[in-house]
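Participant: have a look at this fold, sequence not included:
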């Protein structure tokens, strides 16, 4: 987005009092292109959110849902599973750095077995809480 386009967009959205929409649009295009072609981040937080946040996921899921809700559901489920797997990997790495042994990672199987409502729970722990 050029600087002139950004200024015009912000002026229009200010007049419409659309601050949440403005934030969304700035996260969607977090760079401004200056006259010499250089890209400058509008705000580093928006760049990080665009690249690593759920913005791309939400856009993709919305586009898929417009044409095929079953594909959108499969995509959303796959993304949730990948997210859960990656978070688990990060937590596992954090635990390996704790030499005191005070940081303990309890996985879902252990939670199910020690649940106060009885072991052998068939649904996910998150659904039972």
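Facilitator: Okay, I see it. Quantities reported herein were computed from a predicted structural model and do not represent experimental measurements.

Participant: quick check: next helix or strand after the helix or strand harbouring residue 9?
Facilitator: Residue 9 belongs to helix 3-15 when assigned by DSSP states H and E. Counting by DSSP H and E, the next helix or strand C-terminal to helix 3-15 is helix 19-28.

Participant: and the angle from that next one to helix 3-15?
Facilitator: Calculated by axes from the mean of the first three to the mean of the last three Cα atoms, to 10 degrees, helix 19-28 forms an angle of 160 degrees with helix 3-15.

Participant: give me the contacts around helix 19-28.
Facilitator: 9-10, 13-14, 42-43, 46, 49-50, 53, 55, 59 (Cβ atoms under 8 Å, 6 or more residues apart in numbering). Where you see a C-beta, it was placed from the backbone N, CA and C, and this is true even at glycine.

Participant: residue 68: which of those residues is nearest?
Facilitator: residue 59 (15.6 Å; Cβ to Cβ).
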